[in-house]
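Engineer: Please find the sequence and the predicted model below.
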Amino acid sequence: MSAKTVLIAGASGLVGYAALKQFGGQAIALSRRAPAALHGARHMAVDLMDSAACREAAGSWREVTHLVYAALYERPNLVDGWRDEEQIRINDLMLRNLLAPLMAAAPGLRHVTLLQGTKAYGVHVRPMKVPAREGRSEMREQPNFYWAQEDYLRSLSVPWTILRPVLIVGEAIGGAMNLIPALGVYAAAMRERGVGLPYPGGAARVGQAVDADLLARAIAWAGEAAAARNETFNVTNGDVFVWENVWPAIAEAVGMQPCEAVPFSLRDIGEAAWDAVRARHGLAAPGLRDFVGLSMEYADYQMRHGQTEPGPSSIVSTIKIQQAGFTEAMDTEAMFRKWFRVFQDQGLLPRLGTSRQSRTQST
C-alpha cells in the first residue's frame, strides 16, 4: 500500500479525535484548539472560516492523501440551530475553504470522508421511516448543511465516502454533542444531593448509538475499500436501545444505584455545583461550560426531556455497510461503561463509589 497522510479537520472534536487516535503518526490534526493528545500526529491551528488562513496552511499539505472532514459549526441554541440558514451557510463555507486549496496543493489526494448523521433523514423535524435507508429515506426538501456540502463534494473529481453515524459516544470535552461529560456531571450532582441516579428524561423512544472508536475504524475502512468509493453508509453499534433500559448500566458505570425516574433538565445544573464536585474529588476537568459545551442541551434532546408521549423510533439500516465489508459491532451498554471508565481514569469524572451490583459480583 502506498504512503498515507491523513488530514483530519475538526481533530479536537468527538469524531475527529477518534480518527486522530486511529491514524496516529499518519495524521495532520487540524483544529483551532489543540486536541487533548496528539498520538504521534502533527497539529495545525487553522480557523476554517478564514479562507486566507486555509490557503496559507495548504502549503504544508502537499503529502496529504486522505481528508477526514469532521469539522462542525453549531449555533449556541443547538437544536434550533440545526435549521438555521446561517449555520448551513457557514458549514458549507468551511468545507469549501479547506477542500479547494487542499486539492490544489495535494496532487496525491485520493479520498475524502464526510460525516453526516440522521438529520439527513429529518429526525429533528419528523418521524423517521424505519429503518431509514441510504438513497431512499433522505429529506432533501428540509434545508440542511449536509446537502450543501454533499453537492459540492459530488461536483469535484476526488473519490469520497459519506458516513452517517447515529448518536456518537466517545472521548471529547467542550463539544456540542458528547453525552459522557453531560451524564457524568449529572451523576456527580445527584450524588452530592445524597440520592441515587434517577432517569431524568421523558417518554421512551427506541434509538441507536455508535462508539466513536468503532466509527473511526469505519472511517479508516472507507478510505481504502473499493466498495466504499462514492457511496453513503449508515454506521451504528449494531443494536438498539431505550434509555430507561440502559440506565442501570450507566448508573453502575458511575458507581450509583438507579432509582425512580424524575424529570430533570440537565441544563439546570449550575457552575457552582460542578465546581464543588471538582474540588471535592480533585478533578482535572475544567469548569462546566468548558467541559460540557452544548452537551447538556443535547442530552435533554436525546433523552426527550419534557416529552410525555412515546416518540417515534429512530432506527437506521446498516445492511449496506455490512454488505460492503464493514461488519464491526459493539454492545451499547458496554460502550457506555467503556467511556465512563476512560473519563474516570483520566481524572475528568469522579469515581463515585462501588454500586451494590458491582459489590455483589465481586464477592
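Structural biologist: Received, thanks.
Engineer: Show me the strands in the stretch 1-150 of the chain, by range?
Structural biologist: 6-9, 27-30, 42-44, 66-69, 111-115 (DSSP state E, counting those that start in this stretch).
Engineer: Low-confidence ranges, the stretch 51-200 of the chain, go.
Structural biologist: Where the stretch 51-200 of the chain drops to pLDDT under 70, the residues are 75-83.
Engineer: rewinding a little: what would the strands of the stretch 1-150 of the chain look like in CSV with distance to Arg205 and mean neighbour count?
Structural biologist: The C-beta positions use only the backbone N, C-alpha and C, and glycine is treated the same way. Shown next, in CSV, are those (distance: least, C-beta to C-beta, whole Å; neighbours: other C-beta atoms under 10 Å):
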stretch, distance to Arg205, mean neighbour count
strand 6-9, 32, 28
strand 27-30, 35, 26
strand 42-44, 39, 15
strand 66-69, 29, 28
strand 111-115, 23, 23
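Engineer: can you list these in TSV and add distance to Met256?
Structural biologist: Formatted as TSV, the strands of the stretch 1-150 of the chain follow (distance: least, C-beta to C-beta, whole Å):
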stretch	distance to Met256
strand 6-9	36
strand 27-30	35
strand 42-44	37
strand 66-69	36
strand 111-115	33
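Engineer: Nearest to Val206, out of those?
Structural biologist: strand 111-115 (23.4 Å; C-beta to C-beta).
Engineer: quick revisit: nearest to Gly170, of the strands of the stretch 1-150 of the chain?
Structural biologist: When the strands of the stretch 1-150 of the chain are compared by C-beta to C-beta, strand 111-115 sits nearest Gly170, at 12.9 Å.
Engineer: That closest one pairs with which strands, parallel or anti?
Structural biologist: Note on strand 111-115: by DSSP bridges, its sheet partners are strand 66-69 (parallel), strand 160-165 (parallel).
Engineer: Return stretch 313-333 as CSV; C-alpha atoms alone will do.
Structural biologist: The C-alpha coordinates for stretch 313-333 follow below in CSV (Å, rounded to 0.1, in the frame of the first residue of the first chain):
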residue,chain,number,x,y,z
SER,A,313,-38.4,5.1,16.7
SER,A,314,-35.1,6.4,15.4
ILE,A,315,-33.6,3.4,13.6
VAL,A,316,-31.4,3.3,10.5
SER,A,317,-30.4,0.2,8.4
THR,A,318,-26.8,-0.8,8.4
ILE,A,319,-27.3,-3.6,5.8
LYS,A,320,-25.5,-1.6,3.1
ILE,A,321,-22.2,-1.1,5.0
GLN,A,322,-22.2,-4.7,6.2
GLN,A,323,-22.6,-6.0,2.7
ALA,A,324,-19.9,-3.6,1.5
GLY,A,325,-17.5,-5.2,4.0
PHE,A,326,-17.5,-3.3,7.3
THR,A,327,-19.1,-5.6,9.9
GLU,A,328,-17.9,-4.5,13.3
ALA,A,329,-20.4,-4.3,16.1
MET,A,330,-20.5,-3.3,19.8
ASP,A,331,-22.9,-3.7,22.7
THR,A,332,-24.2,-0.3,23.6
GLU,A,333,-24.2,-0.9,27.3
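Engineer: in it, what counts as buried?
Structural biologist: Within stretch 313-333, the residues that count as buried by 16 or more other C-beta atoms under 10 Å are 313-318, 320-321, 324, 326, 328, 330-333.
Engineer: before we move on, what about stretch 117-137?
Structural biologist: 117-124, 128-129, 131-134, 137.
Engineer: now do stretch 141-161
Structural biologist: 142, 144-150, 153, 158, 160-161.
Engineer: Need the contact partners of that stretch.
Structural biologist: Outside of stretch 141-161, the residues within contact range by C-beta atoms under 8 Å, 6 or more residues apart in numbering are 69, 82-83, 85, 87-89, 91-92, 95-96, 99, 103, 109-114, 116-117, 119-120, 122, 125, 140, 162, 222-223, 228-233.
Engineer: Report the buried residues of the longest helix along the chain.
Structural biologist: Among the segments of the chain that qualify as a helix by DSSP state H, the longest is helix 85-105. Within helix 85-105, the residues that count as buried by 16+ other C-beta under 10 Å are 87-88, 90-103, 105.
Engineer: cool, and stretch 161-172?
Structural biologist: Going by 16+ other C-beta under 10 Å, stretch 161-172 has these buried residues: 161-172.
Engineer: before we move on, what about stretch 340-353?
Structural biologist: Quick answer for stretch 340-353 (16+ other C-beta under 10 Å): 340, 343-344, 348-350, 352.
Engineer: among those residues, which one has the lowest pLDDT?
Structural biologist: Least confident by pLDDT among these: that is Leu352, with 75.
Engineer: so that residue touches Ala189, yeah?
Structural biologist: No - taking contacts as C-beta atoms under 8 Å, Leu352 lies outside contact range of Ala189: 10.9 Å.
Engineer: Can you give the contact residues for stretch 212-221?
Structural biologist: Residues outside stretch 212-221 that contact it (C-beta under 8 Å, 6+ apart): 14-15, 17-19, 21-23, 68, 113, 163, 165, 168-172, 228, 233, 235, 237, 321, 325-326, 328-330.
Engineer: From the residues you listed, which land in helices?
Structural biologist: 14-15, 17-19, 21-23, 321.
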